[in-house]
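**Q** One predicted model, sequence on top.
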Amino acid sequence: MGALDLGPMEISSRFVDAIACKLKEAIVAGTLAPGTPLSVPALVRHLAVSRSPVREAVLQLVGHGLAVEQPRKGAVVATVDHDGPCPHS
């Protein structure tokens, strides 16, 4: 993923939601392009957080159609339409 700059994390009622929101914003902005792998270890390094909330946030993105699971690849960014910022941004 290279030198990805997702910016600082904002405080949220649920840390997982804040991570998912940050990733959603990057997807909508095109920072994370369609087909980009959502590697949990890479995201952990970039966001400086632990694995569990990142893994759960990625699963949220899959559940909302912002990412898709691919065999032997894990989750990758889906092709999405712009639908605005996260509600708690």
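**A** Yep, it's here.
**Q** Identify the residues contacting Ile19.
**A** Met9, Leu47, Val49, Pro53, Val54, Ala57 (Cβ atoms under 8 Å, 6 or more residues apart in numbering). In this view, the C-beta of every residue, glycine as well, is placed from N, C-alpha and C.
**Q** from these, which ones fall inside helices?
**A** Judged by DSSP state H, those include Leu47, Pro53, Val54, Ala57 as members of helices.
**Q** Most neighbours among those residues, which one is it?
**A** Ala57 (27 neighbours; other Cβ atoms under 10 Å).
**Q** helix/strand/coil for Val28?
**A** The assignment at Val28 comes out as helix when based on DSSP: H, G, I helix; E, B strand; the rest coil.
**Q** Could I get the pLDDT score of it?
**A** pLDDT, Val28: 91.
**Q** My guess is it contacts Val80. True?
**A** Yes - if you go by Cβ atoms under 8 Å, Val28 and Val80 touch, sitting 6.9 Å apart.
**Q** Please give me every residue in contact with the spatially most central residue of the chain.
**A** The centroid of the chain falls nearest to Leu23 when counting by Cα atoms, centre = their mean (2.9 Å). Residues near Leu23 by Cβ under 8 Å, 6+ apart: Leu6, Leu32, Leu38, Leu43, Ala57, Val58, Leu61, Leu66.
**Q** again with His64
**A** His64 sits next to Lys24 when contact means Cβ under 8 Å, 6+ apart.
**Q** what do you get for the one 5 residues further on?
**A** Taking Cβ under 8 Å, 6+ apart as the criterion, Glu69 is in contact with Val62, Ala75.
**Q** 10 Å instead?
**A** Glu69 is in contact with Leu38, Val58, Leu59, Val62, Ala75, Val76, counting by Cβ atoms under 10 Å, 6 or more residues apart in numbering.
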